[in-house]
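Enquirer: sequence plus the predicted model coming up.
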There are 2 protein chains.
Amino acid sequence: MNPDRTLAALCKALGNPARVAILRHLLQVDRCICGEIVNILPLAQSTVSQHLKQLKEAGLIRGEIEGPRICYCADKERLAELKHLISEL
Amino acid sequence: MNPDRTLAALCKALGNPARVAILRHLLQVDRCICGEIVNILPLAQSTVSQHLKQLKEAGLIRGEIEGPRICYCADKERLAELKHLISEL
DNA sequence: ATCGTATTTCGTAAAAATACGATAATGATC
DNA sequence: GATCATTATCGTATTTTTACGAAATACGAT
């Protein structure tokens, strides 16, 4: 993809404080289940699920099914790509 | 402001390919008048003006009145703040 | 097979973003 | 003062985002 579009898509995914908080938390704890994120944020569980979906679509996080729950983790390679695109601005 | 909010606001401002292109261009040419940006992008003049407004509100660019036209330039300090906030993720 | 927990998806409403053309505002020039 | 060039703002339509509760799905345990 065109670098402007890639950067815009990544930035758009982080263009909401809740999603920034989610990513930051996942980077701190390395990995955690969805429910933990729901507890941290003052948002309904379905809303958090949507934010997770957007982050996942942007490639910034991944979710692995782990029994009855889903374990999320940050995709550090994708984050590195964002860092690179921003830093070369 | 809360760092999550600051980062989200900055990212939101870059969450559109046209705005990324505008910022990138301003960084390349250092400074240029609004009309030049309008010529580069495949968008109506009023639309470009709105994008410029958003970038200005986010603090990423500044506009100085220069006779009948307006000269825009990137705010490198603000950009540095974005780079810092992203890099420390 | 049923139940309980965890998560997503659906339906929906309200707000914001995007884009355009038309109009207004500003400043230089005649 | 009229006019031209440049840019912002207004009005509007369409799309997207954000948020919620309710319903569906998936899985483990009983």
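Expert: Happy to help now that I have it. Residues are numbered from 1 along each chain as shown, chains lettered A, B, ... in the order given.
Enquirer: who in chain A is up against DNA strand D?
Expert: Within reach of DNA strand D by C-beta under 7 Å from any atom of the strand, chain A has these residues: A:12, A:15-16, A:18, A:43-47, A:50-51, A:54, A:65, A:67-68. For glycine as for every other residue, the C-beta is placed from the backbone atoms N, C-alpha and C.
Enquirer: center of chain A, which residue is that?
Expert: Closest residue to the average C-alpha location of chain A: A:L55 at 3.8 Å, with C-alpha atoms, centre = their mean.
Enquirer: residues in contact with the helix or strand where that one lies?
Expert: Using DSSP states H and E, A:L55 falls within helix A:45-57. Here helix A:45-57 makes contact (C-beta atoms under 8 Å, 6 or more residues apart in numbering or on different chains) with A:13, A:16, A:18-19, A:22-23, A:34, A:37-38, A:41, A:43, A:61-63, A:72.
Enquirer: swap in stretch A:80-88?
Expert: For stretch A:80-88, using C-beta under 8 Å, 6+ apart, the contacting residues are A:P3, A:T6, A:L7, A:L10, A:C11, A:L14, A:L60, B:L82, B:K83, B:I86, B:S87, B:L89.
Enquirer: which of those residues are buried, as a PyMOL select command?
Expert: With 16 or more other C-beta atoms under 10 Å in any protein chain shown as the criterion, this PyMOL line picks the buried residues out of those:
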select buried, (chain A and resi 6+7+10+11+14+60) or (chain B and resi 82+83+86+89)
